[in-house]
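Undergrad: Give me the fold of what follows.
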Amino acid sequence: MVKAGRQSDILDRAALDAALAASAWRPGEGGTRAEALALCKGFLARGRAELESRLDAGARGGALVAGYTFLTDGILHAVYDHAASRIFAEPNPTSGARLSLIAVGGYGRAELSPHSDIDLLFLHPWKLTARNEQVVEYVLYMLWDMGLKVGQATRSLADCLARARADMTIRTGLLESRYLCGDEALFRDLRRRFRDEIVPGSEGEFVAAKLAERDARHQRTGDSRYLLEPNIKDGKGGLRDLHTLFWIAKYLYRVDRFADLIERGLLTHKEQVRFARAEGFLWKVRAHLHLAAGRAEDRLTFDLQPEIAHRMGYGARDGNLAVERFMKHYFLVAKSVGELPRVLCASLEADHLDS
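TA: Below is the predicted model:
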């Protein structure tokens with residue numbers, strides 16, 4: 001059993017915030033930003049090294065994605081506060097000058113791997129003010145200069161809702177949105193209006209769209225969970241299939257965790273455990289894969305399979321090579337993931353017939 005490490009070993013948020021505060025009052029705008037960037041890079045590198053050591057020590061997949069999310073949240077929070085409260089401080093902001101920083105996509109689910117994209121939404125109430133534009137630009141350039149791959153949108157509340165009505169991808173992103181920092185009331189307004197204005201009456205459309213996306217993705221990546229070089233994210237039996245189940249459950253039942261479906265009688269405890277184990281295994285494989293490839297790689301290619309098997313502690317046994325044992329385990333997990341949609345869809349159909 002791997003002993004869990006302290007979160008402060010990943011990132012000491014108070015220390016980073018104090019260091020940035022000290023740098024803010026030194027003269028020279030360029031020097032101040034350069035010093036702030038160096039500080040953030042240092043904290044980020046130390047956090048990544050800590051997480052990599054935990055991965056090497058056999059940490060669970062759930063602990064790893066939580067750790068990478070914690071590290072990114074802390075860096076982002078510190079940079080945003082530095083920009084909003086010090087560099088571009090506004091003593092008496094108006095109601096129209098509110099700004100909220102929100103995580104969406106995989107980052108919104110708090111499921112980051114070592115080289116995952118950081119998907120962000122900068123939400124403002126009406127028109128973007130000049131000061132808020134400066135804050136957004138400062139945060140983004142800091143993140144880019146740290147080497148992070150950032151996907152971002154800056155939108156008003158009304159624009160977010162209008163786009164969600166018209167675009168299923170944006171709707172899914174808002175479904176997964178998670179508050180990071182800034183004006184929390186503005187974020188709550190978005191979530192409430194999304195729930196009250198977008199979701200009602202569109203449940204069937206959403207489910208059909210997500211299942212059609214899944215089928216198209218399977219065709220694109222090879223419609224088999226037994227491919228010799230499987231894609232652990234987009235392939236059949238991969239992480240995206242689990243995401244699809246979660247999106248459907250969250251849209252229909254407004255649950256925050258897949259485990260909440262047990263209380264609604266839609267999944268058994270055994271089925272939920274199977275979901276959690278499959279998810280944790282795939283998260284762990286993905287973390288090793290990203291680090292082995294040095295980039296956001298999701299395909300288990302022939303050249304990487306032996307290294308991932310070694311990293312995850314598989315050895316030769318009973319005449320089977322380590323890589324053969326690892327891939328056999330992977331295919332068993334993919335098969336388990338493939339069975340979960342049938343279980344959930346049957347439960348959803350029965351639930352709607354009863355209602």
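
Undergrad: Gly67 versus Glu52, what's the distance?
TA: Noted for Glu52: a distance of 10 Å to Gly67, by C-beta to C-beta, to the nearest Å. Where you see a C-beta, it was placed from the backbone N, CA and C, and this is true even at glycine.

Undergrad: For the two, indicate the residue with more neighbours.
TA: Gly67 (25 against 15; other C-beta atoms under 10 Å).

Undergrad: Quick one: mean pLDDT over the helix or strand where the more buried one lies.
TA: Using DSSP states H and E, Gly67 sits in helix 61-82. Helix 61-82 comes out with an average pLDDT of 97.

Undergrad: Would you indicate which residues of that helix are buried?
TA: Along helix 61-82, these residues count as buried under the neighbour rule (16 or more other C-beta atoms under 10 Å): 61, 63-82.

Undergrad: Give the other helices and strands that that helix contacts.
TA: Helices and strands touching helix 61-82, by 3 or more C-beta pairs under 8 Å, 6 or more residues apart in numbering; DSSP states H and E, are helix 7-10, helix 13-24, helix 29-56, strand 100-103, strand 118-124, helix 130-145, strand 178-182, helix 269-293.

Undergrad: residue ranges with poor pLDDT in the stretch 201-350 of the chain?
TA: Applying pLDDT under 70 to the stretch 201-350 of the chain picks out residues 345-350.

Undergrad: quick one, helices of it?
TA: 203-221, 239-253, 260-263, 269-293, 305-311, 322-354 (DSSP state H, counting those that start in this stretch).

Undergrad: so which of these comes closest to Arg195?
TA: Nearest to Arg195 among these is helix 239-253 (10.0 Å), distances taken as C-beta to C-beta.

Undergrad: Quick one, which of the helices and strands packed on helix 61-82 gets closest to Asp159.
TA: Of all these, it is strand 118-124 that lies closest to Asp159, at 9.4 Å by C-beta to C-beta.

Undergrad: between the closest one and strand 178-182, how big is the angle?
TA: Interaxial angle of strand 118-124 relative to strand 178-182 (axes from the mean of the first three to the mean of the last three C-alpha atoms, to 10 degrees): 60 degrees.

Undergrad: Strand 118-124 packs against which elements?
TA: So strand 118-124, by 3+ C-beta pairs under 8 Å, 6+ apart, packs with helix 61-82, strand 100-103, helix 105-108, helix 130-145, strand 150-156, helix 157-166, helix 184-193.

Undergrad: sorry, back to before: export the helices and strands packed on helix 61-82 as JSON lines, with columns for distance to Leu228.
TA: Formatted as JSON lines, the helices and strands packed on helix 61-82 follow (distance: least, C-beta to C-beta, whole Å):
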{"stretch": "helix 7-10", "distance to Leu228": "36"}
{"stretch": "helix 13-24", "distance to Leu228": "44"}
{"stretch": "helix 29-56", "distance to Leu228": "25"}
{"stretch": "strand 100-103", "distance to Leu228": "35"}
{"stretch": "strand 118-124", "distance to Leu228": "31"}
{"stretch": "helix 130-145", "distance to Leu228": "37"}
{"stretch": "strand 178-182", "distance to Leu228": "36"}
{"stretch": "helix 269-293", "distance to Leu228": "16"}
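
Undergrad: in the stretch 1-150 of the chain, what spans have low per-residue confidence?
TA: Within the stretch 1-150 of the chain, the segments meeting pLDDT under 70 span 1-4, 25-31.

Undergrad: same thing but at 50, please
TA: The stretch 1-150 of the chain contains residues with pLDDT under 50 at 1-3, 29-30.

Undergrad: and Thr221, which of the helices and strands packed on helix 61-82 is closest to it?
TA: That would be helix 269-293 among the helices and strands packed on helix 61-82, by C-beta to C-beta, at 14.7 Å.

Undergrad: between the closest one and helix 29-56, how many degrees?
TA: With the same axes, to 10 degrees as the basis, helix 269-293 and helix 29-56 are set at 120 degrees to each other.
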